[in-house]
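[1] Structure for the following, please:
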Amino acid sequence: MYSPTRKSRYRVTAGRIPVSITPFNYELGRQTPAASVAYAIALADSVYGWPDLSTIVERVGNAPDNRFESADHLIEHTRQIVDASKAKISPFFLSLPNTPAVVELVPEHQRASGDPAYYYYEAPGAAGEPGVYRITPDFWETMTVGEAEILAVHEVWPGHHLEAATTIGDAEQHPITKLAVNSGFGEGWAIYAEHVAEEANILHG
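    Have a look, this model is predicted:
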């Protein structure tokens, strides 16, 4: 069980532990995606008889139950995933921040950016303000259910929102850490969060 309140382990989110690229880091970064692909192929082959990555991508991407019926369907499903995620991950952590997260639409003037979704906050927990996960409805025809779910857990619970709300709620952090973040750790945590979400049975797509 991982506790984000343990100062000795979670302090890296405040940027107090320097990060450098070593041969070990590089090799781990190279091996990890390859291991994930190998795991996916082995699993798909044993369950469905799909022997390679191209077959998996084609079959999963074209599955009718892995597609949205409308933009409203995409938005509603995303809200359901976000709303259910905190309770489902609770057994995996000793404590969770109280800061809520809400799902909103990406503003019209940002939709041409090509970014389907992002997490946004000024300072989660300050004056009761929630973290905000913004999603655009423009990609409902091309985005799969699985992709939408992975995005939601990566950005909200147990991903960036959990990380941000925990870090900013730390009364002992230095003021500069409210402005500067370690993006390498942040994205690493969010990728880890995707695996937690799988173990917590959040993902359906």
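[2] Which pLDDT does the model give Asn182?
    At Asn182, the pLDDT value in this model is 76.
[3] One more: Gly29?
    81.
[4] And it, its phi and psi?
    Main-chain torsions, Gly29, degrees, to the nearest 10: phi -60, psi -30.
[5] what about it, how many neighbours?
    Per other Cβ atoms under 10 Å, the neighbour tally for Gly29 reads 11. (Glycine included, C-beta is placed from N, CA and C.)
[6] Next, find the distance separating it from Ala35.
    11 Å (Cβ to Cβ, to the nearest Å).
[7] what does Ala180 give?
    In terms of Cβ to Cβ, Ala180 sits 32 Å off from Ala35.
[8] Next: Val103.
    When Val103 is compared with Ala35 (using Cβ to Cβ), they lie 32 Å apart.
[9] Please apply the same query to Trp140.
    32 Å.
[10] Show me how this protein divides into domains.
    Taking automatic domain parsing as the criterion, the chain consists of the domains 20-62, 67-205.
[11] What distance do you get for Thr78 to Thr32?
    27 Å.
[12] more neighbours, those two?
    The residue with more neighbours, out of Thr78 and Thr32, is Thr78; 24 against 11, by other Cβ under 10 Å.
[13] Just give the number of residues close to Ile89.
    Ile89 has 20 neighbours, counted by other Cβ under 10 Å.
[14] can you tell me which residues contact it?
    Residues in contact with Ile89 (Cβ atoms under 8 Å, 6 or more residues apart in numbering) are 96, 157-158, 162, 196-197, 200, 202.
[15] what's the helix or strand for it?
    Assigned by DSSP states H and E, Ile89 belongs to helix 71-89.
[16] Buried residues, that helix. List them.
    71, 74-75, 77-79, 81-82, 85-86, 88-89 (16 or more other Cβ atoms under 10 Å).
[17] And stretch 39-46, by the same measure?
    Applying a neighbour-count criterion of 16+ other Cβ under 10 Å, one finds 41, 44 buried in stretch 39-46.
[18] And Gly25, its phi and psi?
    Actually, residue 25 is Asn rather than Gly. Asn25 adopts backbone torsions of phi -60, psi -50, taken as degrees, to the nearest 10.
[19] One more: Val102?
    Dihedral angles (degrees, to the nearest 10) for Val102: phi -120, psi 160.
[20] what do you get for the one 4 residues further on?
    As for Val106, its main-chain torsions (degrees, to the nearest 10) stand at phi -60, psi 130.
[21] Distance check, it against Gly131.
    15 Å.
[22] ok, back up a step: looking at the domains of the chain, which one is packed in the most?
    With neighbours taken as mean count of other Cβ atoms under 10 Å, these reach their highest mean count in domain 67-205, at a mean of 17.
[23] Report the separation between the residue nearest the centre of the chain and Phe185.
    Centroid-nearest residue in the chain, with Cα atoms, centre = their mean: His154, separated by 0.4 Å. Per Cβ to Cβ, His154 is found 14 Å from Phe185.
[24] Can you say which helix or strand has the residue nearest to the centre of the chain in it?
    helix 145-155.
[25] Much appreciated, bye for now.
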